[in-house]
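1. structure for this input, please:
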Amino acid sequence: MAGKFQFTLQEYQEAAVKYRSELLMLPIIGIGETLKFMTGRPGIRYKERVGQLTGNAQFAPYNPQRKSDFNLGIVLRDLETFFGSVVAEFEPNSAISTLLGTGATKGDGQMTTPTARHVLALIAKSLSEHLNDAIWTGKRNPAGDTTADLFNGFDTITETEIAAGAIAAEEGNYMKFTDEITAANAVDIAKEILHSLDPRLRSQDLYLYCSQDFVDKYNEGYQLTHGGLPYNTQYAQGAVEGSNGKLKFCPLYNKAGSKFMHVSTKSNMLVGYDQMGDVENVMIKEFAPFILSYIATMFFGVQFESIDKRRLKTIEITV
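-> Prediction:
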């Protein structure tokens, strides 16, 4: 039985070529728990300008002589994806044993005969965990050796914009709480965030990107203060009280320990990658007996489409 699952180097190499697009996409699919609250932008290699148009032209009572200056404004930001690589050594038989032991599934049925493709997919998807970890806290370091060094995460971008004065209380896109967040004040803090939003931001369907700890404290506090209300039929609250369900909680494990919470729309939180060009690649090499190397390259990066108060609110907290 063991011999049945012995694959040659050539079979791994052929699988890497044949399923290149699928293998490159698996790390992106693997961050789905975070990406489903954001907007993926495929086809981004290095940089693309994103942003919003502004202008003040408006309708008025008909007058063929009237002219107005539209004052077209374009606020652009760079969605930058960085070129990254990985060389992951693996021992094929151990990888196959892992697949068999986890009872991995393929399609609608249980996978009973793993192939070279399955082994490579296992490795490719495992890369996504580190991408997920770095979505907020990543800090670009060209000399680094980890995924956290590959690109600037949303929190890192936030710190840069705060230092530049582009995210600030005066701009209407920033507020800060210095008190420690507890079950006693979490509800009040969430409501203060809601009430501070620009009316044009508040009118949209929004997410409050935060840690699970904040949501837990909000739920505990809400139960203590609203437990007797007839409409309070469940412990876990999905949205901030008073937002008409528009400001939804988005607790993410990778937000644990972050000193920022963010309020924004899904469309404003951009995750860039390529997947369409010929620079990204997957290959298999054998540099040592019994050990194969999974070698892959890809582009990845994140950015706010806009930091205008009509699109984003940053909340700094004490952690």
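
2. now do the contacts for the residue nearest to Pro142 when sequence neighbours are not counted.
-> The shortest distance from Pro142 to any non-neighbouring residue, by CB to CB, 6 or more residues apart in numbering, is to Asp149 (7.8 Å). Where C-beta positions appear, they are placed from N, C-alpha and C, glycine not excepted. Residues near Asp149 by CB atoms under 8 Å, 6 or more residues apart in numbering: 138-143.

3. and this protein, what are its domains?
-> What the record gives for the chain is the domain set 2-56+73-153+270-304, 164-268+307-318, from automatic domain parsing.

4. quick check: mean pLDDT across the helix ranked longest in the chain?
-> Counting residues, the longest helix in the chain under DSSP state H turns out to be helix 212-226. Taken as a whole, helix 212-226 has a mean pLDDT of 88.

5. please identify the buried residues of it?
-> 214-215, 217-223 (16 or more other CB atoms under 10 Å).

6. confidence-wise, which of the domains of the chain is weakest overall?
-> It's domain 2-56+73-153+270-304: among the domains of the chain, that one has the lowest mean pLDDT, namely a mean of 76.

7. returning to that earlier point: distance check, the residue nearest to Pro142 against Glu159.
-> Look at Asp149 and Glu159: by CB to CB, to the nearest Å, they are 16 Å apart.

8. all strands for the stretch 101-250 of the chain, in order.
-> For the stretch 101-250 of the chain, strands defined by DSSP state E, counting those that start in this stretch occupy the ranges 105-106, 109-110, 174-180, 206-210, 247-251.

9. pick the most deeply packed of those.
-> strand 206-210 (a mean of 24; mean count of other CB atoms under 10 Å).

10. and for it, what's in contact with it?
-> Counting by CB under 8 Å, 6+ apart, 37, 154, 190, 193, 197, 240, 243, 246-252, 255, 261-266, 269 sit against strand 206-210.

11. burial count for Thr158?
-> 24 (other CB atoms under 10 Å).

12. parallel or antiparallel, list what pairs with the lengthiest strand in the chain.
-> Ranked by residue count, the top strand of the chain under DSSP state E comes out as strand 291-304. Using DSSP bridges, the neighbouring strands of strand 291-304 in the sheet come out as strand 82-90 (antiparallel), strand 269-273 (antiparallel), strand 281-288 (antiparallel).

13. buried sites along the first one?
-> Looking back up the chat, that one is strand 82-90. Within strand 82-90, the residues that qualify as buried are 82, 84, 86, 90, counting by 16+ other CB under 10 Å.

14. hang on, the earlier thing: out of the contacts of strand 206-210, which end up buried?
-> 37, 154, 190, 193, 197, 240, 243, 246-247, 249-252, 255, 261-265, 269.
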